[in-house]
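> how would this look folded up:
(one chain, ligands or ions: 1)
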Amino acid sequence: MHHPTLMKNYGPPAFNAARGEGVYLYDESGKRYLDFGSGIAVTSVGHSHPKWVKAVQEQAATLTHCSNLYGIPGQQKLADRLVEKAGPGRVLFCNSGAEANEALIKLARLHGRKLSGGEEAKRYTVVAAQHAFHGRTFGGMGATPQEKIQGGFRPMLDGFKFGELNNIETFDKLVDDSVAAVFIESIQGEGGIFPAETSFLQELRALCTERGALLMLDEVQCGIGRSGHFFAFEESGVKPDAIGMAKGLGGGFPIGAIWISEPYAELFQPGSHGTTFGGSPLACAAANATLDIIEEEELLDSITANSVVWHEALQDLVEKYPQHISGMRGAGYMVGLVLKQEGANLTVTTAAREKNLLIVPAGHNVIRLLPALTANLKELAESVRILDEVFAELNS
Ligand SMILES: *Cc1c(COP(=O)(O)O)cnc(C)c1O
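Below you'll find the predicted structure:
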């Protein structure tokens with residue numbers, strides 16, 4: 001049942017969440033779930049990691065918010081750390097993935113205007129990918145060519161075209177002198193866990209450089225360690241011009257960010273874009289604690305090592321249940337099992353929940369596993385054991 005005073009945007013909940021601890025989420029009755037949804041890739045260092053809790057509590061008791069009218073030391077530190085990972089450039093903070101992407105779309109407009117000799121609306125098209133998801137704002141929706149996202153809200157924002165992910169020819173045709181930027185997820189999340197291939201990213205980089213278009217990567221879901229690299233695109237060796245981040249960055253506290261390489265970072269000037277809440281002392285304390293934990297616990301190394309074992313076990317499921325599962329996609333702790341039947345992802349998600357495993361559907365036929373970056377081999381194995389039971393029962 002929907003709560004009588006809450007909007008019905010989300011389906012009626014299966015349970016009320018009460019508390020979290022590590023990879024586990026507890027409902028109000030005390031039932032414990034293995035949480036492999038992580039609030040949709042958000043609680044990256046697990047629920048209520050003691051170090052994260054301490055940092056947030058201390059910052060809340062010191063200074064929560066002061067606006068960007070004043071300097072924020074935690075924000076400066078976080079920007080330094082992101083620049084160290086992404087490369088020379090600058091960072092702007094916001095509060096969500098959609099907002100990060102909105103800022104990137106605005107960056108594309110500024111870049112296009114500059115290329116057009118200061119003339120607005122000459123070169124402003126953004127080429128995104130089919131099956132993409134970039135958020136629910138008008139900019140984000142415009143870049144998200146899915147009926148379930150756009151339906152009911154047209155007309156969309158002008159200036160988006162779509163190529164086919166991993167098909168460079170389709171982008172080659174679209175990126176002409178009306179195009180300001182190419183914008184893709186390094187690993188598509190909502191669309192069904194489709195990784196951009198290394199060769200495709202490299203060809204796209206070359207294409208963008210040749211035609212003067214920015215290469216902007218949406219790392220909102222796949223970034224901040226989830227793939228086993230800090231950014232998922234690192235595997236390809238490609239250097240983007242701009243990156244959008246959010247979900248896992250705050251470890252559960254809302255924060256988003258864009259990184260823009262030099263010299264494009266200069267396109268934003270005082271007054272050209274901003275947000276009241278973005279990069280607050282509290283949000284940055286949460287994000288700095290999250291990065292501390294990723295570094296101190298060497299999570300990128302453990303994800304890379306553990307995911308070899310975990311992916312093999314999941315691949316065994318693919319082979320054991322060929323009538324239900326057609327394949328596996330993803331990287332590190334961002335994995336999709338592709339189901340044979342459209343819509344079966346909803347049935348399997350419910351069945352897994354009834355066996356105390358939380359997962360998230362994606363696309364039309366994919367179940368998505370997004371454990372906390374702290375998940376150990378035992379916890380990963382537990383997810384496979386439960387899924388094995390779910391598929392065995394689907395069988396009978
Ligand atoms: C979730 C997501 C967004 C939108 O983020 P919100 O914080 O929900 O606005 C954008 N891009 C990608 C790739 C996402 O996964």
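> can you report how many residues neighbour the closest residue to the ligand within the chain?
Closest to the ligand within the chain is Gly97: 2.2 Å, counting by CB to the nearest ligand atom. All C-beta atoms are positioned from the backbone trio N, CA, C, and that covers glycine. The number of residues packed near Gly97 is 29, by other CB atoms under 10 Å.
> verify the stated contact: it with Lys247.
Yes - in this structure Gly97 lies within contact range of Lys247 using CB atoms under 8 Å: 6.1 Å.
> where do the helices sit along this protein?
Secondary structure of the chain (DSSP state H): helices at 38-41, 50-62, 73-86, 97-115, 138-142, 147-150, 168-174, 198-211, 281-296, 299-320, 344-354, 377-395.
> now these as TSV including mean pLDDT and distance to Ile260?
As requested, those are arranged in TSV below (pLDDT from 0 to 100; distance: least, CB to CB, whole Å):
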stretch	mean pLDDT	distance to Ile260
helix 38-41	98	23
helix 50-62	98	26
helix 73-86	98	9
helix 97-115	98	6
helix 138-142	98	16
helix 147-150	96	26
helix 168-174	98	21
helix 198-211	98	14
helix 281-296	99	18
helix 299-320	98	24
helix 344-354	98	36
helix 377-395	96	36
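> wait, which of those is closest to Ala265?
Judged by CB to CB, the one of these that comes nearest to Ala265 is helix 97-115, at 9.0 Å.
> in CSV, list the C-alpha atoms belonging to the closest one.
The C-alpha trace of helix 97-115 is given here as CSV (Å, rounded to 0.1, in the frame of the first residue of the first chain):
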residue,chain,number,x,y,z
GLY,A,97,23.5,12.8,-10.6
ALA,A,98,20.9,14.7,-12.6
GLU,A,99,22.4,18.0,-11.4
ALA,A,100,25.9,16.9,-12.3
ASN,A,101,24.7,16.0,-15.8
GLU,A,102,22.7,19.2,-16.1
ALA,A,103,25.9,21.1,-15.5
LEU,A,104,27.7,19.0,-18.1
ILE,A,105,25.0,19.8,-20.7
LYS,A,106,25.5,23.5,-19.8
LEU,A,107,29.2,23.0,-20.3
ALA,A,108,28.5,21.6,-23.8
ARG,A,109,26.5,24.8,-24.6
LEU,A,110,29.3,27.0,-23.4
HIS,A,111,31.8,25.1,-25.4
GLY,A,112,29.6,25.1,-28.5
ARG,A,113,29.1,28.9,-28.2
LYS,A,114,32.9,29.4,-28.0
LEU,A,115,33.4,27.2,-31.1
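> count of neighbours near His3?
Burial measure for His3: 10 neighbouring residues, criterion other CB under 10 Å.
> scratch that, Leu69 is what I was asking about
Look at Leu69: counted by other CB under 10 Å, it has 6 neighbours.
> equivalent analysis for the one 10 residues further on, please.
When counting by other CB under 10 Å, one arrives at 20 neighbours for Ala79.
> so what sits against both of Gly97 and Lys247?
In terms of CB atoms under 8 Å, 6 or more residues apart in numbering, Gly97 and Lys247 are both contacted by the residues Val220, Gln221.
> give the bridge partners for Val182, please.
Residues in a beta bridge with Val182, per DSSP bridges, are Val127, Leu215.
> touching, it and Met216? I think so.
Yes - at 6.9 Å, Val182 counts as touching Met216 under the criterion of CB under 8 Å.
> overlap in contacts, the two.
Contact criterion CB under 8 Å, 6+ apart; no residue bridges Val182 and Met216 by contacting each.
> hmm, back to that, contact partners for the residue of the chain closest to the ligand?
Under the criterion of CB under 8 Å, 6+ apart, the contact list for Gly97 reads His134, Gly135, Gly140, Asp218, Val220, Gln221, Gly244, Ala246, Lys247, Gly256.
> can you tell me how far it is from Thr209?
From Gly97 across to Thr209, the span is 26 Å (CB to CB, to the nearest Å).
> what's the answer for Glu219, then?
Computed as CB to CB, the Glu219 to Thr209 distance reads 20 Å.
> cool, and Ser302?
Applying CB to CB, one obtains 35 Å for the distance of Ser302 from Thr209.
> over to Pro263?
Using CB to CB, Pro263 is found at 14 Å from Thr209.
> Ala143 and Val126 touch, don't they?
Yes - applying CB under 8 Å as the test, Ala143 and Val126 come out as touching, 6.3 Å apart.
> show me whatever sits in contact with both of the two.
Counting by CB under 8 Å, 6+ apart, the contacts common to Ala143 and Val126 are Ile105, Phe160, Phe183.
> who's in contact with the second one?
With contacts defined as CB under 8 Å, 6+ apart, Phe160 is in contact with Thr125, Val126, Val127, Ala128, Gly142, Ala143, Pro145.
> would you reformat those residues as CSV and include neighbour count?
Output for those, formatted as CSV (neighbours: other CB atoms under 10 Å):
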residue, neighbour count
Thr125, 20
Val126, 26
Val127, 28
Ala128, 27
Gly142, 22
Ala143, 31
Pro145, 20
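> correct me, but Ala313 touches Val384?
Yes - because the distance of 4.4 Å satisfies CB under 8 Å, Ala313 is recorded as touching Val384.
> so what's the residue count around Gln130?
Neighbour count for Gln130, taken as other CB under 10 Å: 15.
> quick one, grab the pLDDT at it.
Gln130 is assigned a pLDDT of 98 by the prediction.
> which residues touch it?
For Gln130, the set of contacting residues under the criterion of CB under 8 Å, 6+ apart consists of Pro145, Phe162, Gly163, Glu164, Leu165.
> so what's the backbone phi/psi at it?
Summarising the backbone geometry of Gln130 under the convention degrees, to the nearest 10, its torsions are phi -60, psi 150.
> also Ala196?
According to degrees, to the nearest 10, Ala196 has phi -70, psi 130.
> can you count the residues close to the residue lying closest to it once chain neighbours are set aside?
Nearest in space to Ala196, with sequence neighbours left out and distances taken as CB to CB, 6 or more residues apart in numbering, is Ser186 at 5.6 Å. Neighbour count for Ser186, taken as other CB under 10 Å: 26.
> right, I'll leave it there.
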